[in-house]
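> Sequence and predicted structure, then a few things I'm wondering about:
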Amino acid sequence: MKSAEKTCKELAHLEYLRTVLDERLAVIQQDAKRCQAEQQRLQADKYAAKKDTRKLAEFFGARGLFIVNLQTGARTQDQYALAKQLWRARAVCLPFIKALSRNKEASFVYPKQSLSPTETTDIKNLCDTLKRHGYLAYAVRPDGFEISPSLKGTQKYFLSGSWAEEVTLYLIDKALKKFAQQHSLGHRLFWDVKLKRIDSDKDNSHDMQLDLVAEVEDRFYIFETKSGFVLSIDKWVDRTRLFDDGKNRFITCTADDKLNPLIFKPFRLFALQTLEEQFTGVLQEDFTVPATDSTTGNPKS
């Protein structure tokens, strides 16, 4: 009987201790949330104060968002160089990386009978690059390339679609530098821009991530890149309403050049294959002053 009473007391003590610990844990978790929120606010203040990011912070602040993190400056990552190599020989390289990313076997043979000598060289050069960065091992056979993949998580993600984000940055950077130089325009590029809603009560690291933002004088061009068939129409519509106001633009880029952009009007869909020309056209529309008739002062027809 005494043993049962002792056990009941111990259980009661443990239950009380658990209640105390749960209350203490709740306080610690709340403190951690406040600390994270404060760190995010300090980070937001940093971007708002810095000369290079002040305009960007003001742009998002006017839309109820603040910057948590972003990337800018020179691209030195291996994936950026690899994406450019893929794109330059995209007709033959993109089908190859699609086969590589979908493969489930320890090794497979990628046939080369239908490839021209130039295409065969392009695949070999790509395999050399991928081998150097640890994506695969390979051997050349009479019937094709024997591929032995050794893909890690980030490599799988890159091959399955994030290469297109790197290509978008490459093409936008080329087009913007050329146009800005011709017209003496100030410009900056920001990528992997992470944002938080000013009134957010969530303890997540960010509420929104943007692939690429181009700041050109007092205008902002925001790019979302899709490598597959799913365009996330709901997010496309929401972000267009939030960011695209006639002066600033939200543009979805696709690697599928068979999609008809007219279907999606008034939303902007640019194919990577023609992205440089299309973005240049938008810049010309926004920044090129039409010639005027010297006698009337009206635009020339």
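Yep, that arrived. Numbers count the residues shown, from 1 in each chain.
> give me the element Gln85 is part of.
Gln85 is part of helix 78-88, with elements assigned from DSSP states H and E.
> What helices and strands are in contact with that helix?
helix 90-102, helix 117-132, helix 163-183 (3 or more CB pairs under 8 Å, 6 or more residues apart in numbering; DSSP states H and E). Every C-beta, even on glycine, is put in place using the N, C-alpha and C of the backbone.
> got any ranges where this protein has weak pLDDT?
1-2, 16-17, 20, 25-44, 76, 228-231, 289-301 (pLDDT under 70).
> Quick one: the strands in it, in order.
With DSSP state E as the criterion, the chain has strands at 65-72, 108-111, 136-141, 144-149, 187-197, 208-216, 219-226, 249-254, 268-271.
> And those: which comes nearest Cys8?
Closest to Cys8 of those, according to CB to CB: strand 187-197, at 49.6 Å.
> Stretch 53-71: how far from the chain's middle?
Distance of stretch 53-71 from the chain centroid (CA atoms, centre = their mean, to the nearest Å) equals 17 Å.
> buried residues in that stretch?
For stretch 53-71, a neighbour-count test (16 or more other CB atoms under 10 Å) marks 53, 55-57, 59-60, 65-68, 70 as buried.
> Next: stretch 214-228.
Applying 16+ other CB under 10 Å to stretch 214-228 flags 214-216, 219-227 as buried.
> same check, this time on stretch 235-253
Within stretch 235-253, the residues that count as buried by 16+ other CB under 10 Å are 236, 239-240, 243-244, 248-253.
> my guess is Glu146 meets Ser107, correct?
Yes - with contact defined as CB atoms under 8 Å, Glu146 counts as touching Ser107 (6.2 Å).
> Quickly note the distance from the residue most central in space within the chain to Phe223.
Centroid-nearest residue in the chain, with CA atoms, centre = their mean: Asp211, separated by 2.8 Å. Per CB to CB, to the nearest Å, Asp211 is found 6 Å from Phe223.
> Common neighbours of these two, please.
Contact criterion CB atoms under 8 Å, 6 or more residues apart in numbering; residues shared by Asp211 and Phe223: Thr168.
> residue contacts, the closest residue to Arg188 other than its chain neighbours?
Excluding the flanking residues, the one nearest Arg188 by CB to CB, 6 or more residues apart in numbering is Glu215, at 4.6 Å. Contact analysis of Glu215 by CB under 8 Å, 6+ apart lists 55-56, 187-190.
> who's Glu215 bridged to?
Counting by DSSP bridges, Glu215 forms beta bridges with Arg188, Phe220.
> change the start of the numbering to 16 and stick with it
In the new count, where the first residue is 16, that last one comes out as Glu230.
> Could you pull up the residues touching the residue nearest to Gln299 when sequence neighbours are not counted?
In space, and not counting its chain neighbours, Gln299 is closest to Phe194: 7.6 Å by CB to CB, 6+ apart. Phe194 makes contacts with 200, 295, 298-299, 302, as judged by CB under 8 Å, 6+ apart.
> In a markdown table: these, plus neighbour count and distance to Glu134.
Putting the contacts of Phe194 into a markdown table (neighbours: other CB atoms under 10 Å; distance: CB to CB, whole Å) gives the following:
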| residue | neighbour count | distance to Glu134 |
| --- | --- | --- |
| Leu200 | 15 | 39 |
| Thr295 | 16 | 29 |
| Leu298 | 23 | 34 |
| Gln299 | 11 | 35 |
| Phe302 | 15 | 40 |
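> Narrow those to those in helices?
Among these, DSSP state H puts 295, 298-299, 302 in helices.
> Kindly reformat the residues you listed as JSON lines and extend each row with distance to Phe285.
Compiled in JSON lines, the ones in helices among the contacts of Phe194 are given as follows (distance: CB to CB, whole Å):
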{"residue": "Thr295", "distance to Phe285": "11"}
{"residue": "Leu298", "distance to Phe285": "13"}
{"residue": "Gln299", "distance to Phe285": "15"}
{"residue": "Phe302", "distance to Phe285": "18"}
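> Nearest to Ser165, out of the buried residues of stretch 229-243: which one, please.
Nearest to Ser165, judged by CB to CB, of these is Ser242 at 22.4 Å.
> ok, that closest one touching Tyr172?
No - checked against CB under 8 Å, the pair Ser242 and Tyr172 is beyond contact range at 11.0 Å.
> Perfect, I'm done here.
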